[in-house]
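Asks: Pasting the sequence and the predicted coordinates here, then a few questions.
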Amino acid sequence: MSSTCSCAQHVKKLNQQISVMRKEIKNLRHLIDSAVRSHRKHLDSLLSALSHSEQLGVRLYPKPDQKVQDGEGISLEEGNIQTVPIGYISSCFPGKNGTPRQPGICGQSRATLRIEASIFNNPHHALIGLEHYSHVWVIFLFHKNGRLSCKAKVKPPRLNGQRVGVYSTRSPHRPNALGLTLAKLECITGDTLHLSGIDMIAGTPVLDIKPYIPEYDSPSGRTDFGNTVCPETEVSHSGGRTVLSEEEGRGFGFDVKEVSAGRSGWRRGQGAGGESTPLASRSRAEPFEGRHDERHGETEVCYSEAPPSQVASWVRAPPVASLAVRLTPHAETELRQFQPPGKTEPGRPSFRFLRGPEEAEAAIRDVLRADPRSVYRRTRCPDRLFYFVLDSAHITCWFGGDFAEVVRVRPAEPVPAGPEG
Ligand SMILES: C[S@@+](CC[C@H](N)C(=O)[O-])C[C@H]1O[C@@H](n2cnc3c(N)ncnc32)[C@H](O)[C@@H]1O
């Protein structure tokens, strides 16, 4: 009897211990789950930061609470994409120094883009029909930005230290670090695009290519914009509206007189309560005078004939002047030593992209005319020598008040081959 009793007690005790252990296991599971979740979140943000900057093609794992879609866990609907470069730029600019700030600065700047075989079974098939276009949009990643930037205001070099909103500029330092360049399509050979007028450094990962179609992409090529001045184009508002005082306007280079003369300016399309003024529905062809409102210190200006598009005046009339460029006779002689691509006379360097010393000289002049120095270099250390590499030439120059002089042109170190080349 007593042995049956102690046995039952023993079983009861064991059951109690098992139930305690079950609870502990459950708690541990909870702890492990939440640790995994938080590590995943951390890992996700690290991976997305990496994928934004240098580690292209990194797969984002599904978030713990996110539905797995297409086996990838990446939701287009939430604005997430997995970027895979379709190719890498090979360009005559191996580094950022001296690379034009916009494609229009240096028409001779050349590059090639080979579509990766890993993207399509037949990469050249993806280019069929593109030969009918003269220009292409290149969408790329600023992979050499160093770190991601989320600053709302930036200081574009053309504004010489003044800050403006990042989205009013083409600064490389922006969230998502995407660049957009309109390049000339020289020709296509197989799976490779030959481009000119570029502002991308060698090794730039390209995410997409689209044909440039003025009928779609340029307001002057489109008819669907109609003849009205859209209220959204307004810059000057007040009371729930953005106010740009005359002084601020001038700070950014707007000039009322200039505007009245119909050359450039900003306009206001709505009244104080947001109601449309006659300006908002004014025809492009109708003349309209610039006005200054003394009470509010605001300026309301309209083009005498509204152009198809409007551009901030600092783009066309930057506070930084362009420079006169000259080469010393010694530098000129050194430049003449360079041969066009494919020529291999012993003892003389060859270009990889540029067609010869004349084209290189034109490119050097274009690059320097636009003053490629950072605002810091220009203002804080103007007397320092400036170096940049153009194709296979290493250029040394110095800057005076309103000129740049090339003093030396030497063969550059060979550029490494592969995606970075
Ligand atoms: C001002 S951005 C403009 C690029 C493009 N046209 C745009 O508007 O998006 C051009 C400058 O970006 C820099 N750059 C070019 N390729 C880059 C890359 N892959 N990574 C980081 N910076 C780059 C060069 O210094 C170049 O002068």
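Replies: Received it, and whenever you're ready, just let me know what you need. Numbering: from 1, shown residues only.

Asks: and the protein, which of its residues are near the ligand?
Replies: Applying Cβ under 6 Å from any ligand atom, we find that the chain lies next to the ligand at 96, 99-103, 142-145, 170, 172, 179-181, 199-201, 204. Where you see a C-beta, it was placed from the backbone N, CA and C, and this is true even at glycine.

Asks: Weed out the non-buried ones from those.
Replies: With burial judged by 16 or more other Cβ atoms under 10 Å, the buried subset of these is 99-101, 103, 142-143, 145, 170, 172, 179, 181, 199-201, 204.

Asks: Now do the helices in the protein.
Replies: Counting by DSSP state H, the chain has these helices, from start to end: 2-53, 214-217, 246-251, 256-260, 313-316, 329-336, 357-369, 375-380.

Asks: quick one, which of those helices is packed in tightest?
Replies: Across the helices of the chain, the average number of neighbours (mean count of other Cβ atoms under 10 Å) peaks for helix 357-369, which reaches a mean of 21.

Asks: List of residues touching that helix?
Replies: The contact list for helix 357-369 (Cβ atoms under 8 Å, 6 or more residues apart in numbering) reads 92, 98, 100, 105-109, 322-325, 327, 332, 335-338, 351, 354, 388, 390-391, 393, 395, 397, 404, 406.

Asks: Would you map the strands across the protein?
Replies: Here the chain has its strands, by DSSP state E, at 87-91, 110-114, 135-141, 153-154, 164-165, 178-189, 192-196, 205-211, 291-293, 298-300, 324-327, 386-390, 393-399, 403-411.

Asks: Adjacent strands (with direction) for the third one?
Replies: If I follow you right, that is strand 135-141. strand 178-189 (antiparallel), strand 205-211 (antiparallel) (DSSP bridges).

Asks: Need the residues that contact that strand.
Replies: With Cβ under 8 Å, 6+ apart as the test, strand 135-141 has contacts from 56, 83, 85, 89, 113, 130, 177-185, 193, 195, 198, 200, 204-212, 217.

Asks: Produce a PyMOL select command limited to the buried residues of those residues.
Replies: Restricted to buried positions by 16+ other Cβ under 10 Å, the PyMOL selection for the contacts of strand 135-141 reads:
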select buried, resi 56+83+85+89+113+177+179+181+182+183+184+185+193+195+198+200+204+205+206+207+209+212
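
Asks: which intervals of the chain have sub-threshold pLDDT?
Replies: Residues of the chain that meet the criterion pLDDT under 70 lie in 1-5, 41-42, 44-74, 225-306, 414-421.

Asks: at 50 what do you get?
Replies: Low-confidence segments of the chain (pLDDT under 50): 1, 53-71, 227-246, 248-304, 418-421.

Asks: which residues sit against stretch 331-347?
Replies: Outside stretch 331-347, the residues that touch it by Cβ under 8 Å, 6+ apart are 327, 348-357, 360-361, 364, 392-393, 406-411.

Asks: Could you count how many residues lie near the residue in the stretch 251-400 of the chain positioned nearest to the ligand?
Replies: Nearest residue of the stretch 251-400 of the chain to the ligand (Cβ to the nearest ligand atom) works out as P372 at 7.4 Å. For P372, the neighbour count with other Cβ atoms under 10 Å is 23.

Asks: Ramachandran coordinates for the closest residue to it other than its chain neighbours?
Replies: In space, and not counting its chain neighbours, P372 is closest to G98: 5.2 Å by Cβ to Cβ, 6 or more residues apart in numbering. According to degrees, to the nearest 10, the main-chain angles of G98 amount to phi 90, psi -10.

Asks: same thing with the one 3 residues further on?
Replies: Backbone geometry at R101, expressed as degrees, to the nearest 10, gives phi -80, psi -20.
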